[in-house]
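A.B. asks: Have a look at this prediction, sequence included:
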Amino acid sequence: MVIGKGLIENRVLAIIPARSGSKGIIGKNMINIMGKPLIQYSIESILDSKLISKSIVSTDSKEIGEFCTSKGIDFPFLRPKKFSNDKAKSIDVVLHALNELEKHNEQFDYVLLVQPTTPFRSDGIIDKAINQI
């Protein structure tokens with residue numbers, strides 16, 4: 001990634017937060033929207049990026065994790081229940097993921113939270129956002 005006049009190699013982590021316990025729409029992350037599970041739109045946006053170093057799903061569901069893995073997104077851990085209820089904060093999900101990855105000597109300069117509930121992103125929007133940073 002080029003920033004200013006120098007070449008800087010940044011590590012960018014994309015996290016899809018996808019808990020299974022939605023109360024409003026049961027199973028919403030896997031619900032079919034225009035022929036695809038809702039979460040697949042986020043997966044495709046991430047895979048479209050040329051600047052993301054690693055992409056993971058943070059979930060308490062093996063089904064969601066395995067689906068993401070089949071599409072090219074890492075599922076390195078099951079998210080604990082204390083970060084998977086309707087009162088859990090996104091920052092806690094991010095910090096948990098960073099702590100888990102750090103246990104394996106993985107560190108990142110930037111973190112993107114790619115919400116499955118915002119499925120329709122314009123092409124290249126993730127890389128445009130990263131370049132803005």
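C.D. replies: Arrived safely, thanks for sending.

A.B. asks: Tell me the helices and strands packed up against the longest helix that the chain contains.
C.D. replies: As assigned by DSSP state H, the longest helix anywhere in the chain is helix 90-102. Counting contacts by 3 or more C-beta pairs under 8 Å, 6 or more residues apart in numbering; DSSP states H and E, helix 90-102 is packed against strand 12-17, strand 54-58, strand 110-113. In this view, the C-beta of every residue, glycine as well, is placed from N, C-alpha and C.

A.B. asks: for that helix, the distance to its chain's centre please.
C.D. replies: 11 Å (C-alpha atoms, centre = their mean, to the nearest Å).

A.B. asks: that older thread, the helices and strands packed on helix 90-102: which one's closest to S42?
C.D. replies: strand 12-17 (5.2 Å; C-beta to C-beta).

A.B. asks: how big is the angle separating that closest one from helix 90-102?
C.D. replies: 120 degrees (axes from the mean of the first three to the mean of the last three C-alpha atoms, to 10 degrees).
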